[in-house]
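Visitor: coordinates for the following, if possible.
(chains A, B, C, D and E, ligands or ions: 5)
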Amino acid sequence: ACGGGSEEPAQGEDPGSEEATEPATGDEGTEEDAAGEETAELEGSVVIDGSGTVYPLMAALAEEYMTNEQPNVSVEVSRAGTSAGFGRFLVENGTDFNDASREIKDEELAEAEAVGFEVKEFKVALDGLTFVINPENDWATELTDEQLISIFKADGGVTKWSDLDPSFPDEDINPMGPNENHGTYEFFYENVLEEADLVEGVNLQQEYSTLVNLVSEDRNAIAFFGFGYYVNNQDSLQAVSVDFGEGPVEPSLDTIAEDGDYAQFTRPVFTYLNVDMAREKPQVLDYAKFVIENVNEFAGPTGFAPLPEAELQEYADFLAGL
Amino acid sequence: MEASSGMKKGNAVNVRELIEEKKQARSISQLMEKLMPKLLLLIATISVLTTIGILFTLLTETFEFFRRVSLVEFFTGTVLRPLSQNPEFGVLPLIMGTMISSVIAMCIAIPVGLMTAIYLSEYASEKVRRTFKPLLEVLAGIPTIVYGFFAFTFVTPILRAIIPGLEPTNILSPGIVMGIMIIPMVASLSEDAMSSVPNAMREGALALGATKLEVTGKVVIPAAISGIIASFVLGISRAIGETMIVTIASGSSKNFTFDITQSMQTMTAYIVEVTGGDAPAGSTIYYSLYAVAMTLFVFTFLMNLLARYISRRFREEY
Amino acid sequence: MGMVSVKEKKEIEFQKGNEQVEQKVQQSNVVYDTENLNLWYGKDLALKNINLSICEKEVTAIIGPSGCGKSTYIKTLNRMVQLVPSVKISGDIRYRGRNILDKSFKVEDLRTRVGMVFQKPNPFPKSIYDNVAYGPRIHGIRNKKILDQIVERSLRGAAIWDEVKDRLNENAYGLSGGQQQRLCIARCLAIEPDVILMDEPTSALDPKSTLKVEELIQELKQDYSIIIVTHNMQQAARISDKTAFFLNGEVVEFDETDIIFSNPADKRTEDYITGRFG
Amino acid sequence: MGMVSVKEKKEIEFQKGNEQVEQKVQQSNVVYDTENLNLWYGKDLALKNINLSICEKEVTAIIGPSGCGKSTYIKTLNRMVQLVPSVKISGDIRYRGRNILDKSFKVEDLRTRVGMVFQKPNPFPKSIYDNVAYGPRIHGIRNKKILDQIVERSLRGAAIWDEVKDRLNENAYGLSGGQQQRLCIARCLAIEPDVILMDEPTSALDPKSTLKVEELIQELKQDYSIIIVTHNMQQAARISDKTAFFLNGEVVEFDETDIIFSNPADKRTEDYITGRFG
Amino acid sequence: MKYINLEQVQQRMNTRLVINTAAKSVFLLATVFGLIVLAILIYRVAADGLSWINSGFLTGRLSTDPNKAGIMGAILGTVWLMLVVAPVTMLLGVGTAIYLEAYAKKGRLHSFLQTNISNLAGVPSIVFGILGLTVFVRLMDLGGVILAGGLTMSLLVLPIVVVASQEAIRAVPNHLSEASFGMGATKWQTIKNIILPAALPGILTGAILSLSRAIGETAPLIVIGIPALLIPFPGSLMDRFTVLPVQIYYWTIDSALVAEYANLAAATIVVLLLVLFLLNSAAIIIRNKFQRRY
Ligand SMILES: Nc1ncnc2c1ncn2[C@@H]1O[C@H](COP(=O)(O)OP(=O)(O)OP(=O)(O)O)[C@@H](O)[C@H]1O
Ligand SMILES: Nc1ncnc2c1ncn2[C@@H]1O[C@H](COP(=O)(O)OP(=O)(O)OP(=O)(O)O)[C@@H](O)[C@H]1O
Ligand SMILES: [Mg+2]
Ligand SMILES: [Mg+2]
Ligand SMILES: O=P([O-])([O-])[O-]
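Guide: Numbering: from 1, shown residues only, chains lettered A, B, ... in the order given. Ligands and ions are numbered 1, 2, ... in the order given. Prediction:
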């Protein structure tokens, strides 16, 4: 079982290609392992760092695992940001998992190879890139994706609301978002702006709390970040409904799902596993299995849309093979 | 001595003989006598090792940083975009943030601190002084994280109600709160300096018919000026090194501006941001952390030297 | 008025002796008149029923063993003693007829008329010039010419002008102890006081400087009334016109200096003067 | 040996006078013998060519004006003066024949034989018992019974036993100044010294306590050699057998106390004693 | 000739006295200002946090759910940290102070050590964090564990203890050690038996103050790396940990995510301030109780 699993996943692996793993052996392994582990008291620690966006989901999972599954295992979750997290992940004896709100980069994979360990990517949930504005802002509640991009793009030609629509106020727009430390920024930069420069004067912040505050107190502010940060602050923020061409779509758990209407601004969030660690340390493997088994249950409450079961099953199979 | 010990009235004990007898036992104390200074010197060198450790860690990595980024770019660049695709490493925005927050802080701390010191040292009764000083010391003992929380959740909203256009994270609010935090330091050190001016001098002035204010302004403060200025300088170096208040309340925009209503980042806050858990070793941004820390270290080091110089140089002889 | 040490009631003869003293004292012009003065530090009675009259243009010495209340008494005369918060006072002290313990009497006012020289020279850490000009300045004299004149006159008056005239802008702490003390006297003269109080002004000085200050006191008494505390009996004998002997917060005897030292009325005075205690 | 104040060479007669003194001094047993002692604080010569012999079971008083080197000299006798880092010494001091300035002479040894009582009573902030037991303890005596005996005997010796015997475990700072000073003497007796050095032991005490300590000194001299510094001439006259008069770091005169006070050989001694300076 | 015109002096006297009184009020106001801020700060924090403090909060484990979250882990982390900081700082601090005050000759070495210490006192805490990260976490490969954090903190507060102990030792009057030397005691005997006991209150006060500084420090620990979620309680020096101020930090910046975190932060601040208040009271009591009587 080990041989099958270990060959493929490392490089540039597309989650889709996992179909290649043999389900049969995997199943057996899972049952055995599961049977063994239900009684086995594990101990040791699991170390997780990375995305602040994914943090609430992973923290909730970790807490559940420690309180109800394996009380002697210490799962510590940090949230340095996706890239900073990879910094700790891609070293010898680094972290076991790295949460990411963007896909791992080729350079990063290469580094893992250089250090000499295998990386496995798990999509864990779906996040809708949400644009938020001040509750007092009653004009920009519905915008087209183009308008949004033009606000944030360097040569979008938009600095005032009235540049978008003459009926809007003649006031400066204050665009803002998370800084380059965050996967959210990179997703936005690469997938939405398609690597065009950001507008001069965009306010990039390290902490999401700062952004929430900024927008909640500034009627000309507009910011982007993960859906979860919006859900938790609906009192002080409102989300922009985005018109992708077929009428405005409000981001919600339904619309940001894989086939929802908001899917264009939806992105998967990931956690990356150091497979060698999982092989070495039973608690890491066990925890990985736990995450895959339970992630959908925790996604909704923490502001993420769940993944299709099939996708998760593939991961479960892969883990069973370790 | 032989003669003297014989005739002691006490018949039971002869201390002299006992002492002579125990002389051998004293070889242990003789050993301690030789050993302790060496042991203590060893302990005392730890503090030197600490300084060496700081310099060593900062310097090697800083050196590496400057192999990647030129000194000129670092010290003259007004743009800091370490994480960007085409990163820029100008430290000036951070220096600006640090300077502005410190200046704001000192605008609060110096006048209020000095006046507090004057009140406590010259006007307050002994009883008042004995209640107020510990209370102020409490203010000094509050962890800065608490001040950060206070700045962010209390002072900023109030300021925003007063000053339109003030951003939710700005350099003004942490600057003010930092000033409040430093008041006790300035007050306490200045008060020490002023109380150590001999009473004889006050009496000399009072006996000429001077009022308390005149005694304070023309005799006590001039006599204590070195200690007072040193307290200011130490306050500034505290402000420069302060971390949590600015990290929480001034945001992380690396603006190069004089506009205090805006979010700015200080050197310390930058270090927190970049380490944020653990810095990715080996990248330029990782090294930039050390370069900024080195700059910060040099800043505060110079301030401390200045404080020492002032308190020596301008000490009034009396 | 005069010296009355209220002891146990039996000492009636002793009291009689004092009445004679009183008469002598009244012959000249009285500057300070202390009546039934009691002073407490917290609960400790440090001055007990002091009655004493100080006359104009004389040197009055106050002697007594350590802790007997000499400094306390002299500091009461310009109310400096009230800088100690626990001090409580009862009785009257009239300075030229007005009760200085009265609320309406401003201490600042009193102290511009009654100068004080302390045991340890205490110049300000300023230039010699600024030290002397300090008093006139706080009283509103800004005119440089007038200040120059005052400074020169005061330094001359304190017999130190020649020694410092070329270094008026140097720090006063560059002077020797004796010079510093004379500078302090000059500083005190600059506000043109009426009375000068001196609390052991030479006890921190070497014999030579002491001599100089003693000579100076002799000169000053032409123009000022001087009250000097000393625990050097020889000094009291040398320079004073009248001497008061304090013991345990009381005035044991107050009389012409000659009489005190040659023919004291009280046994304790004699014991003290002949060095039998203290 | 003996007292030789080497002044300018002209003062030959003066020298002659001293030789007579020398002879007198040699009559009794010598404990301390100071020869050509010079002592510098940094560059300041504080003791100039001191020659002095101290005899057993006598009280030797050292008098002189402030700053003349009295404390410096007495502290040289147990090498406490060397706690000041800048001190440099030349000359010889022989204690019972051995040069204490010699490297091979352990100061700790010297100081167990030569006790010292200081100007201000300086008991340790410990109980009365522990104060007295301190010395024996550091010298290795731990036996409680022996310690008890030593403590009692020492306190008795210092004439304070009756006052403190019921409160041996109370803090020494609860005692009055005079009691504290006698406690310090007891502490010093506890290591059964041969010589006791006293540096103005009564200058911080009230007259009553002073008297007690003076009486005590008179008693102690039965068993100990005592060297006492005082600036109270009357005290020196009252209690000492011999008196040395110091001036500006030199010994001006050293002789029987009676002679010094009634018929001093040197004009300066006379001037000082009659209060003409200081 | 009189230069001083008594009448003019009299007239000016009133103005001068009024100015004096006015200035006094301004100075008093300034003094009170600091205390008012203190009062507001405490009131605000208490208002936000007090109702959240209950036994569950104090003894519970950390949680992402604000209603379940407890700070026992952070409290224990703080205690563990102090178990490192207290002995290490005391040993190093008092040792250094004794050396400087009693042994080092007043010369180059002495002034070098002294300068070094007062400069260290002025080095920002975050730089100590970097030192700890580089030396203890990476070089000695301890990781972000209690020992590494404690050693970092010890170095950070070392100057406080050194300076306080030096002052305490210096305040022991010379005549006490002279008395001891006079009995034939050696230097170390004198230090051990006389100087240290007499200086102890001052040393303890310094130690407590340094501990309270260490308890409140956040930045160096953040630099060393402290997990945002850590549920198990630390049980040894080599365990990862979190402490009260770091927990306050995370809850403050996460208050955007879950509003109640702000209350948790406030409640934790109340606890932290309480701890510091107790420590400081202890320091004051020690200071007053053992007020020098010599
Ligand atoms: N500030 C004070 N608080 C309490 N008691 C004091 C104070 N100043 C002096 N005393 C007490 O008042 C008494 C008289 O003291 P005072 O200083 O007047 O004596 P003195 O005669 O000047 O002595 P000396 O010759 O030593 O200067 C003493 O018992 C002293 O202890
Ligand atoms: N530690 C020191 N460093 C430098 N000079 C000192 C020191 N101690 C004393 N002196 C100087 O040595 C001289 C003699 O001082 P000493 O203390 O022996 O005088 P003294 O006769 O005991 O005076 P007093 O009666 O005031 O106690 C003085 O000029 C003094 O200034
Ligand atoms: Mg006095
Ligand atoms: Mg002396
Ligand atoms: O915090 P991030 O998920 O945007 O990296």
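
Visitor: tell me the SS of residue A:98?
Guide: The local conformation at residue A:98, judged by DSSP: H, G, I helix; E, B strand; the rest coil, is strand.

Visitor: so how far is stretch A:128-141 off the chain centroid?
Guide: Mean-position distance between stretch A:128-141 and its chain equals 22 Å (Cα atoms, centre = their mean, to the nearest Å).

Visitor: may I have the distance across it, first residue to last?
Guide: Stretch A:128-141 has its terminal residues 17 Å apart, counting by Cα to Cα, to the nearest Å.

Visitor: quick check: buried residues in it?
Guide: Across stretch A:128-141, burial judged by 16 or more other Cβ atoms under 10 Å in any protein chain shown covers A:128-134, A:137, A:140. The way it works is simple: take the backbone N, C-alpha and C, and place the C-beta from them, glycine included.

Visitor: nearest to residue C:226, of the residues you listed?
Guide: residue A:134 (81.8 Å; Cβ to Cβ).

Visitor: how much space between that closest one and residue A:141?
Guide: 11 Å (Cβ to Cβ, to the nearest Å).

Visitor: just residue E:66 next, same as before
Guide: Distance of residue E:66 to residue A:141, computed by Cβ to Cβ: 30 Å.

Visitor: pLDDT score assigned to residue C:7?
Guide: Predicted confidence (pLDDT) for residue C:7: 39.

Visitor: please read the previous query as pertaining to residue E:98.
Guide: pLDDT for residue E:98: 95.

Visitor: now name the helix or strand holding it.
Guide: For residue E:98, the element it lies in under DSSP states H and E is helix E:72-98.

Visitor: give me the helices and strands touching that helix, please.
Guide: Packed against helix E:72-98 by the contact rule (3 or more Cβ pairs under 8 Å, 6 or more residues apart in numbering or on different chains; DSSP states H and E) you find helix B:26-68, helix E:55-59, helix E:146-171, helix E:196-216, helix E:244-253, helix E:260-289.

Visitor: what's the most buried one of the ones you listed?
Guide: Greatest average neighbour count among the helices and strands packed on helix E:72-98 goes to helix E:244-253 (a mean of 26), per mean count of other Cβ atoms under 10 Å in any protein chain shown.

Visitor: how about stretch C:109-119: buried residues?
Guide: So stretch C:109-119, judged by 16+ other Cβ under 10 Å, has buried residues C:109-119.

Visitor: how much space between residue A:243 and chain B?
Guide: Using Cβ to the nearest Cβ, to the nearest Å, residue A:243 is found at 29 Å from chain B.

Visitor: what's near enough to touch the nearest residue to that residue once chain neighbours are set aside?
Guide: Excluding its sequence neighbours, the residue lying closest to residue A:243 (Cβ to Cβ, 6 or more residues apart in numbering or on different chains) is residue A:144, at 4.4 Å. Shown in contact with residue A:144 (Cβ atoms under 8 Å, 6 or more residues apart in numbering or on different chains): A:242-245.

Visitor: now, of these, which are buried?
Guide: Neighbour-count burial (16+ other Cβ under 10 Å) applied to the contacts of residue A:144 gives A:242-243.

Visitor: tell me which of the contacts of residue A:144 is nearest to residue E:199?
Guide: Nearest to residue E:199 out of these is residue A:242 (Cβ to Cβ; 70.9 Å).

Visitor: so which residue is smack in the middle of chain B?
Guide: Centroid-nearest residue in chain B: residue B:238, 4.1 Å away (criterion: Cα atoms, centre = their mean).

Visitor: and the host helix or strand of it, what does it pack onto?
Guide: Assessed by DSSP H and E, residue B:238 sits inside helix B:221-241. Counting by 3+ Cβ pairs under 8 Å, 6+ apart, the packing neighbours recorded for helix B:221-241 are helix B:92-118, helix B:172-195, helix B:284-313, helix E:108-122, helix E:125-132.

Visitor: so can I have CSV of these showing mean neighbour count?
Guide: Shown next, in CSV, are the helices and strands packed on helix B:221-241 (neighbours: other Cβ atoms under 10 Å in any protein chain shown):
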stretch, mean neighbour count
helix B:92-118, 23
helix B:172-195, 26
helix B:284-313, 20
helix E:108-122, 17
helix E:125-132, 28
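
Visitor: turn the ones you listed into CSV, columns for distance to ligand 5.
Guide: As requested, the helices and strands packed on helix B:221-241 are exported to CSV (distance: least, Cβ to the nearest ligand atom, whole Å):
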stretch, distance to ligand 5
helix B:92-118, 22
helix B:172-195, 23
helix B:284-313, 15
helix E:108-122, 35
helix E:125-132, 22
